[in-house]
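> the sequence and its predicted three-dimensional model are supplied below.
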Amino acid sequence: MDKVELFKKIDKIIGTPACFFLGVIDKLFFRKNNLPSNPKKILVIKLIAIGDLVVALPTLRALKKSFPKSHLAILVTPRVKEVVEGCSYLDEIIYYDILGKDKGIKGLCKIISQVHKKRFDLVIELDLYYRITSLISYFSRIKNRVGFDLPGQGKKQLYTIKVPYLIDKHEVEAFLEAAKKVGADISDKELVEIWVSDEDKKYVTKLLLKAGIGSEDVLVGIHPGTGASAISRRWSVEKFGKLADWIIEKYGAKVIFTGVPSEVELVNESIKFMTMKPIVAAGKTNLKQFAEIARRCKLFIVADTGPLHVAAAMKTRVIGIYGPNTPKKWGPYGKGHITIYKTLECSPCTKVYLGQVSKCKHPICMEKISVEEVKNAVEKILQITSA
């Protein structure tokens, strides 16, 4: 069992009864609902998951624009720092290295003490499942605690303000409901671009020039990986390879494969099924540099994973390939994107808001998606963008 799975088990077994018990005590003896109309200091908690954090950025924008004089902070883990670093809507980023230097009870006490000292008068929890976030909010003595009204977790007992969770709406809109509940204007639902430095832009320009890509070339991005914890969401490496070959042959496009260092081998497996030569950026970029590559693509093709949302945020049209999860909830947000999804009797088997993640070893829903279906989607988008 890896660190993440162990953490999830401990969080569930210990966190659920702890949240429930503390919530009952708090409600009986301590709780006072007194939501400030103009909070001075707001904390948003969204610890992990790149994609989750990207779709949460519109909520940060809504809060900052509605309460411009408020100090807006976010609590995250270092692994997602590149999503929020440079975000103009944030005044402060607090890091909680939950599986690293801040692990265990000692680390938890340290972060609670740190948050408590900052005297936030409002906290909004965007983590749907983890109980530890609610325990941090409670023991940090933040009086106004906002979170989603979800069953079976115990954590909602600690909220002073409960937000109905929109199961049938995209996660962007579901998260925005929390901002609406505290009085923010949520009319602007557009994704927020990832901030990229001039140095990162120069790095990407150099990388592309070295690969022979000019400003006039049609660049198509392909990201075959989905992370080690979501293998069931992956599409066939053979199909990705054949698709890439077809795109190069039919459109004279340049195809660039992206991925984190641990996905380099996966990218190489896809390339084995190609006769044409693609550009490989896998393992050569950080998240912000990846975002810049995505921005320069005419089209980005990817399965259900965080980079999909990054590409959509960078205003690039996306083809999303879905299986265990539903694109209605987690598809690329905005106009011009296409999702391919096979609804089976077991679909969707991933429901993040309930802590349910697919462990399927034979994801038929992904296997049923053909290269021809993705080709049709590519033709639709490239014909539109070339017109």
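Here it is on my side, so go on. Residues are numbered from 1 along each chain as shown.
> please save the CA atoms from the strand or helix carrying residue 311 in CSV.
Using DSSP states H and E, residue 311 sits in helix 306-313. Extracted in CSV, the C-alpha atoms of helix 306-313 (Å, rounded to 0.1, in the frame of the first residue of the first chain):
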residue,chain,number,x,y,z
GLY,A,306,-5.2,17.2,-14.7
PRO,A,307,-3.3,18.4,-17.9
LEU,A,308,-6.7,18.3,-19.7
HIS,A,309,-7.9,21.1,-17.5
VAL,A,310,-4.7,23.0,-17.8
ALA,A,311,-5.0,22.9,-21.6
ALA,A,312,-8.6,24.1,-21.5
ALA,A,313,-7.6,26.9,-19.2
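> what is that helix packed up against?
Judged by 3 or more Cβ pairs under 8 Å, 6 or more residues apart in numbering; DSSP states H and E, the packing partners of helix 306-313 are helix 50-66, strand 219-223, helix 287-296, strand 299-303, strand 318-322. Glycine gets a C-beta too; all of them are placed from N, C-alpha and C.
> ok, now with 10 Å
Applying 3 or more Cβ pairs under 10 Å, 6 or more residues apart in numbering; DSSP states H and E, one finds that helix 306-313 contacts helix 50-66, helix 81-84, strand 219-223, helix 287-296, strand 299-303, strand 318-322, helix 327-330.
> touching, residue 230 and residue 308? I think so.
No: the pair residue 230 / residue 308 is not scored as a contact, 11.6 Å apart, by Cβ atoms under 10 Å.
> the two: who's more crowded?
Taking other Cβ atoms under 10 Å, residue 230 and residue 308 do not tie; residue 308 has more neighbours (31 against 18).
> grab the nearest non-local neighbour of the more buried one.
Spatial nearest neighbour of residue 308, chain neighbours left out: residue 302 (4.5 Å); criterion: Cβ to Cβ, 6 or more residues apart in numbering.
> okay, the one you found and residue 249: tell me how far apart.
Residue 302 sits 21 Å away from residue 249, going by Cβ to Cβ, to the nearest Å.
> kindly report the same for residue 226.
The gap separating residue 226 from residue 249 is 27 Å, by Cβ to Cβ.
> okay, those two: which has more neighbours?
Remark: of residue 226 and residue 249, residue 226 carries more neighbours, 25 against 11, as counted by other Cβ under 10 Å.
> quick one: pLDDT of residue 362?
At residue 362, the model reports a pLDDT of 81.
> surely it is in contact with residue 323?
No: assessed by Cβ under 10 Å, residue 362 is found out of contact with residue 323, at 11.1 Å.
> overlap in contacts of those two?
residue 232 (Cβ atoms under 10 Å, 6 or more residues apart in numbering).
> out of the two, which sits in the more crowded spot?
A side-by-side neighbour count of residue 362 and residue 323, using other Cβ under 10 Å, places residue 323 first with 28 against 8.
> what sits against the residue nearest to residue 308?
Residue 302 is in contact with 221-226, 235, 240, 258, 294, 308-312, 318-321, 332, counting by Cβ under 10 Å, 6+ apart.
> any chance you could map the helices in this structure?
Along the chain, counting by DSSP state H, helices occupy 3-29, 50-66, 81-84, 104-117, 132-139, 171-181, 198-210, 237-251, 264-271, 287-296, 306-313, 327-330, 364-367, 371-386.
> deepest-packed of the ones you listed, please.
Ranked by mean neighbour count under mean count of other Cβ atoms under 10 Å, the helices of the chain are led by helix 306-313, which reaches a mean of 28.
> could you tell me the angle between that one and helix 287-296?
Relative orientation of helix 306-313 versus helix 287-296 (axes from the mean of the first three to the mean of the last three Cα atoms, to 10 degrees): 50 degrees.
> next, the angle helix 50-66 makes with helix 306-313.
Using the same axes, to 10 degrees, helix 306-313 lies at 40 degrees relative to helix 50-66.
> start to end distance for stretch 271-290?
19 Å (Cα to Cα, to the nearest Å).
> center of this structure - which residue?
residue 51 (1.2 Å; Cα atoms, centre = their mean).
> roughly how far apart are the residue nearest to it when sequence neighbours are not counted and residue 375?
Setting aside the residues directly before and after it, residue 51 is nearest to residue 306 in space (Cβ to Cβ, 6+ apart), at 3.8 Å. The gap separating residue 306 from residue 375 is 25 Å, by Cβ to Cβ.
> if we can go back for a sec, residue 151: which of the helices and strands packed on helix 306-313 is closest?
Distance to residue 151, taken as Cβ to Cβ, is lowest for helix 327-330 among the helices and strands packed on helix 306-313, at 17.3 Å.
> list the helices and strands that closest one packs on?
So helix 327-330, by 3+ Cβ pairs under 10 Å, 6+ apart, packs with helix 50-66, helix 171-181, helix 306-313, strand 318-322, strand 338-341.
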